[in-house]
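Participant: What shape does this take:
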Amino acid sequence: MSDPPSRHQQALPQSRSQNTSTGEDSRQGLDQRLAQTEEEIYPLAAVVPSSDDAIVDRDITQRKQLEEQLLFHANIAQSISDAVIATDMQYCILSWNDAAERLYGWKREEVLGKYSPDILATSSPHTSSSDWLAHIFTEGFWKGEVSQKRKDGTSLSIFASVSAVKDFSGSILGFVTVNRDITERKALEKRKDDFISMASHELKTPVTSIAAFAELLQLLCEQEGDAKYLPYLSQMNTQVARLTRLINDVLDLSKIQAGKLALQKTFVDLNALVKETVETLQLTTKKHQLLVVGAVNTQVWADQDRIGQVLTNLIANAIRYTPEPGNILVNLSEEENAVTLSVQDFGIGIPCEHQAKIFERYYRVGGKMENTFPGLGMGLYISHEIIQNHGGCMWVDSATGKGSTFSFSLPLKEKGSGNPGERGNQFYERPEQIDPRR
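Facilitator: Sure, this is the predicted structure:
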């Protein structure tokens, strides 16, 4: 196999009628572009029959049609505004379009055949190579945010979409990645988050003072036997408490986005924590019965307040989204390496199309549910991030009209050392031990 071509010299492809009607010069130009194109896009040759010579012998017309198709598909990759990069199984770069040149500053001839991680310096704070490779081999693709670098060393925030390229037998030949620059968007999000964090901090002090004075007034009215204003003060305390929770959620959100959500870990008795939380929340509802099912025999290494926050959020949601009287089950179970806690309600449920996004920041289920059950969509996102920061995972099982079960698991043993958020800094690992046929 000859070396890959250094550069496409052509502009975007002309129409087929133009390519076939301008005489011998046009035909020669087409042949020259094909000579440059066929080797650079060979990762995609898996979808083209391998017996080209036999095709030429049988029908020259088919050969011409195939050439035009190859050229057409090559020019599609060149015309895409996102960076399109093809690599083999060892991450050696096989194709590098014009948008990749503009985004990263590397010319095509500088990178073809080079090891992709050396060129892009890809890293991800939340995804390891084993995670994205496993997803590609099972689903055929992976999408997510990564950090990369330009040729001049400046950092980029990238949304990457990686797909496997397979031959007819299903063997993976390599990967095609479409990278979109989201650096500016991430900078805007950071400025917005910084403003929200600052505003929340400024609000917290006066709200705390209002809450203290409201409780004092309520106590004085009770001591003096003046019941006239007690209902108003009670309602005032309720709304101040709600505002306080909202401010705390916004502050937690800011900490999560900044990677500064601190955990004060101790050995936690989950049985006692669940019992205390259930008893507290039972006082908030008369038409629901909160029932604890099961128990665990092992303490977990966790932040008790944060796990209590997650449990409170899940039970409060179960109460809110179960309009009719009934039971809400809090289940505890233990396996060899983890404990699992789930909250099951028999309420309105979550439509299937919303379940994959339910843990995203600010996500709200639209339609009638949004008007009936208002909120900002932060609670589940914060809960999900708290559990992930503990090295656990959270998921949901739900059916419309039948209810929902939100579950999370916590490891019984620490998985390695260091901050879980620091894992996955080396995004690529050479997959020598991975069978490419899945």
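Participant: Every contact and neighbour count from this point should use C-alpha atoms.
Facilitator: Fine.
Participant: what bridges to the residue nearest the centre of the chain?
Facilitator: Centre of the chain computed as the mean C-alpha position; nearest residue by C-alpha atoms, centre = their mean is Gly144, 6.0 Å away. In this entry, Gly144 is beta-bridged to Ala160, by DSSP bridges.
Participant: contacting residues around it?
Facilitator: Counting by C-alpha atoms under 8 Å, 6 or more residues apart in numbering, Gly144 makes contact with 159-161.
Participant: most surrounded residue in the residues you listed?
Facilitator: For these, the largest number of neighbours (other C-alpha atoms under 10 Å) sits with Ala160, at 20 neighbours.
Participant: Just to check, that residue is in contact with Ile182?
Facilitator: No - counting by C-alpha atoms under 8 Å, Ala160 does not reach Ile182; the two are 10.0 Å apart.
Participant: which element is Leu246 on?
Facilitator: Assigned by DSSP states H and E, Leu246 falls within helix 230-257.
Participant: ignore the last one, Leu156
Facilitator: Secondary structure from DSSP H and E places Leu156 in strand 155-166.
Participant: Make CSV out of the contacts of Gly144 and add pLDDT.
Facilitator: Converted to CSV, the contacts of Gly144 look like this (pLDDT from 0 to 100):
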residue, pLDDT
Phe159, 93
Ala160, 92
Ser161, 91
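Participant: closest to Ala241 among those residues?
Facilitator: In terms of C-alpha to C-alpha, no member of the contacts of Gly144 lies closer to Ala241 than Phe159, at 38.9 Å.
Participant: I figured that closest one was touching Thr183, is that so?
Facilitator: No - applying C-alpha under 8 Å, one finds Phe159 not in contact with Thr183, separated by 9.3 Å.
Participant: roughly how far out does stretch 296-314 sit from the chain middle?
Facilitator: Chain-centre distance of stretch 296-314: 24 Å, with C-alpha atoms, centre = their mean, to the nearest Å.
Participant: Figure out the length between the terminal residues of it.
Facilitator: 19 Å (C-alpha to C-alpha, to the nearest Å).
Participant: For that stretch, buried residues please.
Facilitator: For stretch 296-314, the neighbour count (16 or more other C-alpha atoms under 10 Å) marks 296, 300-304, 306-314 as buried.
Participant: Pop the domain breakdown of the chain in here.
Facilitator: The chain breaks down by automatic domain parsing into domains covering 1-79, 82-181, 186-257, 266-413.
Participant: what are the ranges of the strands in the chain?
Facilitator: Under the criterion DSSP state E, the chain carries strands at the ranges 83-88, 93-96, 141-149, 155-166, 172-181, 266-268, 288-293, 300-302, 326-334, 338-344, 393-399, 403-411.
Participant: Please work out the average pLDDT along stretch 233-246.
Facilitator: Across stretch 233-246, pLDDT averages out at 82.
Participant: ugh, wrong one, stretch 81-97
Facilitator: 90.
Participant: What of stretch 189-205?
Facilitator: For stretch 189-205, mean pLDDT is 77.
Participant: Tell me which residues of that stretch come out buried.
Facilitator: 193-194, 196-197, 200.
Participant: Point out where the stretch 151-300 of the chain drops to low pLDDT.
Facilitator: Counting by pLDDT under 70, the stretch 151-300 of the chain contains no low-confidence residues.
Participant: let's see 90
Facilitator: Across the stretch 151-300 of the chain, residues meeting the criterion (pLDDT under 90) sit at 163-174, 185-264, 283-284, 298.
Participant: Kindly list the longest helix within the protein.
Facilitator: The helix that spans the most residues within the chain, counting by DSSP state H, is helix 183-224.
Participant: Just want the angle from that one to helix 230-257.
Facilitator: Orientation note: helix 183-224 sits at an angle of 150 degrees relative to helix 230-257 (axes from the mean of the first three to the mean of the last three C-alpha atoms, to 10 degrees).
Participant: what's helix 183-224 packed up against?
Facilitator: Helix 183-224 sits against strand 155-166, helix 230-257, with contacts defined as 3 or more C-alpha pairs under 8 Å, 6 or more residues apart in numbering; DSSP states H and E.
Participant: Make JSON lines from these and add distance to Tyr115 to it.
Facilitator: Shown next, in JSON lines, are the helices and strands packed on helix 183-224 (distance: least, C-alpha to C-alpha, whole Å):
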{"stretch": "strand 155-166", "distance to Tyr115": "16"}
{"stretch": "helix 230-257", "distance to Tyr115": "32"}
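Participant: Just name the most buried of the ones you listed.
Facilitator: The highest mean neighbour count among the helices and strands packed on helix 183-224, using mean count of other C-alpha atoms under 10 Å, belongs to strand 155-166: a mean of 20.
Participant: quick check: angle from it to strand 83-88?
Facilitator: Orientation check (the same axes, to 10 degrees): strand 155-166 against strand 83-88 gives 50 degrees.
Participant: what residues does strand 155-166 touch?
Facilitator: By C-alpha under 8 Å, 6+ apart, the surrounding residues in contact with strand 155-166 are 43-44, 46, 136-137, 140-150, 172-183, 186.
Participant: Alpha carbons of it, as CSV, please.
Facilitator: Coordinates of each C-alpha in strand 155-166 appear next as CSV, following Å, rounded to 0.1, in the frame of the first residue of the first chain:
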residue,chain,number,x,y,z
SER,A,155,-7.2,24.1,24.8
LEU,A,156,-10.5,23.2,23.1
SER,A,157,-13.8,21.9,24.4
ILE,A,158,-15.1,19.4,21.9
PHE,A,159,-18.3,17.4,21.5
ALA,A,160,-17.2,14.2,19.9
SER,A,161,-19.3,11.6,18.1
VAL,A,162,-17.3,8.4,17.5
SER,A,163,-18.6,5.6,15.2
ALA,A,164,-17.1,2.2,14.4
VAL,A,165,-16.3,1.4,10.8
LYS,A,166,-17.0,-2.3,10.0
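Participant: And that strand, how far out from the chain middle?
Facilitator: Computed by C-alpha atoms, centre = their mean, the chain-centroid distance of strand 155-166 equals 13 Å.
Participant: circling back: ok, of the buried residues of stretch 189-205, which one's closest to Ile93?
Facilitator: Asp193 (36.9 Å).
Participant: Spatially, which residue comes closest to the closest one, not counting chain neighbours?
Facilitator: Ser254 (6.1 Å; C-alpha to C-alpha, 6 or more residues apart in numbering).
Participant: so who does the one you found touch?
Facilitator: 193-194, 196-197.
Participant: Please tell me how far it sits from Leu263.
Facilitator: 15 Å.
Participant: All set now, cheers.
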